[in-house]
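Engineer: whatever this is, show me its structure:
(2 chains, ligands or ions: 4)
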Amino acid sequence: MRPISYSRATAVADAVATVVADPTSDFLAGGTTEVDLLRQNVLLPRRLVDINDLPLTQIEDRPDGGLYIGALARMSEVADAAGVQERFPMVAQALVLGASAQLRHMASMGGNMMQRVRCGYFRDATSPCNKRDPGSGCSALEGFNRGHAVLGVSEHCIATHPSDVAVPLMALDARVHTEGPHGRQVYPIDDFFLLPGETPHLEHPLEHGELVVGIEVPGLPMARTSMYMKVRDRESYEFALASVAAAVTVEDGAISDVRLALGGVATKPWRARRAEEMLHGAPADTESFRRAAREELAAARTTPLNAFKAELAQRTMVRVLETLTHPERQS
Amino acid sequence: MSAPHIPSKAAAAAVLPERGPDPVKITLSVNGTERTLEVEPRVSLLDALRERLDMTGAKKGCDQGTCGACTVWVDGRRVLSCLTLAIACEEHEVTTIEGLAEGDELHAMQSAFIEQDAFQCGYCTPGQIMSAVALLKEGHASDDAEIREWMSGNICRCAAYPHIRAAVRTVRDQT
Ligand SMILES: Cc1cc2nc3c(=O)[nH]c(=O)nc-3n(C[C@H](O)[C@H](O)[C@H](O)COP(=O)(O)OP(=O)(O)OC[C@H]3O[C@@H](n4cnc5c(N)ncnc54)[C@H](O)[C@@H]3O)c2cc1C
Ligand code: SF4
Ligand code: FES
Ligand code: FES
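Structural biologist: Ligands and ions are numbered 1, 2, ... in the order given. Below is the predicted model:
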């Protein structure tokens, strides 16, 4: 690991000013991405600004039934919060199904939004990789890409976005609040994650030194019965091959409202808007679920190694929708 | 000239002083004892414990957050010392496997690991025990499936998992 210097901030403005003033500095939260990638020589900051003492640990219930989660609330704390478990079970489930108990105590919600991809070529610090070294090429296109994305890909990068909790947050239209050199900004979560396109090294619309301070989740009554399902190679402590966050309301056998997002298959947390559109007003039955899932994955661009993900994502969507609508169909 | 001048946040902010990259003096509280040492800011808590403080209980398996052999507690919560910087632990309480026994009396979990034969080579064991004690405090050990899930951050190359679960059950049922 390369040498670094260290500063500890106690005020948001100081943290921002310090990172803004030094292009070779990074924020340090839980360190579960930052220290890991520093040790692999993938990230090359000269200085770390420790933000763990900033007063950004709140998990607040909002009057509209929503939440405000501070950037330094830990994954384990958010998963444990009563308001999250009761009103947004898919958020709590996505958190508990991520990483390990130790990592969830360390990892912050802001850091989770900013975590880097798990692509082996990005992480090896050597192979051509447009994300790490813009213009050098993408080793995954013709390489071992079984875990890579099938939606939102470009010929410049096919790395899967690894976050679990960002998937339900996408379904919930969360907003990411930041504090930066130009003051406070609020980003709709869909705009907070960029598609790789021709610039896979740009993952967020943030300036250097712009700090995520919190995540706002608007109230959504139907999220009380939401769910997150994660399919992976082993039962625990593994990233998703495909995952689905969903909430659905059925009235008289027809779907009156639905939120659907996918993880593990796309280059950003993926809102399944095409599927949502097809499901609106459709009968809540397996046939509709299959058709909607097929429609969402119609745009998939697969490789021989990851082609299975297109089918897996559809089956996971159908399974989640059936599980959520099952009680209604029984009565 | 009527509007009061409100200084912008950026103007009020200070660029923070930096420590390092050369070795700096830090004070850590480990198992209730204050220890002062000179380390570069890049040094992990794991390396500080093992190589500077001669506390070799926490083990280095992967050094990248995937195995759990380095599990210790910071402020009572189980964390991975390989992904934690030592300098970031100043003003926090670190607890290692060496701090678990009361004098010559082993912690109940340590005794249970011995009784239940919960290890073979023993390399993962300090991490398993630190994780297991924390697991019971966290309250996620109601049945074997839950123990398995909430202990999944501790890999055992010798696959002593059934015996580790037996040890956890033993202590759970004592309390
Ligand atoms: C072995 C392993 C398994 C994992 N499994 C999963 C999994 O199954 N699911 C999952 O979702 N995640 C998983 N993760 C990823 C983990 O969730 C992230 O590493 C973690 O959420 C990052 O948060 P942190 O606080 O540790 O961030 P750090 O590592 O401290 O920071 C991450 C990055 O974000 C920047 N940053 C941090 N905080 C802010 C902020 N407030 N504003 C702006 N920038 C900021 C840092 O500069 C850094 O570049 C896994 C990680 C490991 C090591
Ligand atoms: S998929 Fe993206 S991250 Fe992986 S090698 Fe290609 S450009 Fe780099
Ligand atoms: S050595 Fe820390 S998790 Fe493996
Ligand atoms: S006892 Fe050998 S690794 Fe667990």
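Engineer: residue ranges with poor pLDDT in chain A?
Structural biologist: Chain A contains residues with pLDDT under 70 at A:327-331.
Engineer: let me see the domain layout of it.
Structural biologist: As given by automatic domain parsing, the domain ranges for chain A are A:5-53, A:227-326.
Engineer: before we move on, what about chain B?
Structural biologist: According to automatic domain parsing, the ranges for chain B are B:19-99, B:108-174.
Engineer: the helices in the chain, which residues?
Structural biologist: Picked chain A for this. With helices called from DSSP state H, chain A shows them at A:12-21, A:34-39, A:75-80, A:82-87, A:89-96, A:101-106, A:109-114, A:120-123, A:166-171, A:189-192, A:273-279, A:286-297, A:308-330.
Engineer: wrong chain, I was asking about chain B
Structural biologist: Under DSSP H, chain B gives helices at B:9-12, B:45-47, B:108-115, B:125-138, B:144-150, B:161-174.
Engineer: may I see the ones you listed organised as CSV, with mean neighbour count, mean pLDDT and distance to ligand 1 added?
Structural biologist: The C-beta positions use only the backbone N, C-alpha and C, and glycine is treated the same way. Formatted as CSV, those follow (neighbours: other C-beta atoms under 10 Å in any protein chain shown; pLDDT from 0 to 100; distance: least, C-beta to the nearest ligand atom, whole Å):
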stretch, mean neighbour count, mean pLDDT, distance to ligand 1
helix B:9-12, 13, 53, 16
helix B:45-47, 25, 98, 14
helix B:108-115, 19, 98, 24
helix B:125-138, 23, 98, 14
helix B:144-150, 17, 97, 13
helix B:161-174, 18, 97, 19
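Engineer: ok, now which ones touch residue A:257?
Structural biologist: A:222, A:247, A:248, A:249, A:280 (C-beta atoms under 8 Å, 6 or more residues apart in numbering or on different chains).
Engineer: change it to 7 Å
Structural biologist: Taking C-beta atoms under 7 Å, 6 or more residues apart in numbering or on different chains, we find residue A:257 in contact with A:222, A:249.
Engineer: quick one: it and residue A:280, what's the gap?
Structural biologist: As judged by C-beta to C-beta, to the nearest Å, residue A:257 and residue A:280 stand 8 Å apart.
Engineer: can you get me a residue count around the residue of chain B found nearest chain A?
Structural biologist: Ranked by C-beta to the nearest C-beta, the top residue of chain B for proximity to chain A is residue B:153, at 2.5 Å. By other C-beta atoms under 10 Å in any protein chain shown, the residues close to residue B:153 number 25.
Engineer: okay, and the helix or strand of chain B with the least pLDDT?
Structural biologist: Within chain B, no helix or strand scores below helix B:9-12, which has a mean of 53 by mean pLDDT, DSSP states H and E.
Engineer: about what we covered before: and of the domains of chain B, who's closest to ligand 3?
Structural biologist: The closest of those to ligand 3 is domain B:19-99. By C-beta to the nearest ligand atom, the value is 3.1 Å.
Engineer: sorry, back to before: can the helices of chain B go into TSV with extra columns for distance to ligand 3?
Structural biologist: Putting the helices of chain B into TSV (distance: least, C-beta to the nearest ligand atom, whole Å) gives the following:
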stretch	distance to ligand 3
helix B:9-12	38
helix B:45-47	6
helix B:108-115	19
helix B:125-138	8
helix B:144-150	16
helix B:161-174	17
